[in-house]
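Visitor: have a look at this fold, sequence not included:
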C-alpha cells in the first residue's frame with residue numbers, strides 16, 4: 001500500500017518540476033527581457049532630457065499603454081514642459097527599446 005501512495009506524490013512532484021521549468025523558460029525570460037528593454041529606454045530618454053526617474057517611469061508606462069506614443073491628454077497633463085521634438089525623440093526611444101512598430105501606431 002505504501003507504494004501506491006508514493007506514485008501520486010511522484011507524479012505531483014514531476015508536475016511541479018514541469019511548472020517550475022516552464023516558469024523559468026518563459027515567464028522569467030519575458031520579465032528579464034522587459035527589464036532590459038526598460039533600462040535601454042530609460043537610458044535613451046536620459047540622454048534626451050533631464051527628468052526625475054519617476055517621470056521617466058511614467059512616460060515609458062504611458063507610451064507602452066498607447067502603442068509607443070504619448071496621448072495628447074497625458075502630454076498636456078503630465079509633460080507640458082517638454083518640447084514637441086523632445087516628446088518625439090522620447091517616444092522613438094521607447095518604441096526602439098521595446099521593438100514597437102511605429103508604422104502600426106500611425
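Guide: Structure received. All of these numbers come straight from a predicted model, not from anything done at the bench.
Visitor: list the buried residues in stretch 40-57.
Guide: Neighbour-count burial for stretch 40-57, counted by 16 or more other C-beta atoms under 10 Å, picks out 41, 42, 44, 45, 48, 49, 51, 56. Bear in mind the C-beta positions are built from the backbone N, C-alpha and C, glycine included.
Visitor: what lies in contact with that stretch?
Guide: 59-60, 78-79, 82, 86, 89-90, 93-94, 96-98 (C-beta atoms under 8 Å, 6 or more residues apart in numbering).
Visitor: which among these count as buried?
Guide: 59, 60, 79, 82, 89, 90, 93, 94, 97, 98.
Visitor: any idea how many residues pack against residue 39?
Guide: Counted with other C-beta atoms under 10 Å, the neighbours of residue 39 add up to 11.
Visitor: please enumerate the helices of this structure.
Guide: 2-22, 29-48, 53-65, 72-78, 84-98 (DSSP state H).
Visitor: which one of the ones you listed has the lowest average pLDDT?
Guide: Among those, helix 2-22 carries the lowest mean pLDDT, at a mean of 77.
Visitor: just how off-centre is that one within its chain?
Guide: In terms of C-alpha atoms, centre = their mean, to the nearest Å, the centre of helix 2-22 is set 34 Å apart from its chain centre.
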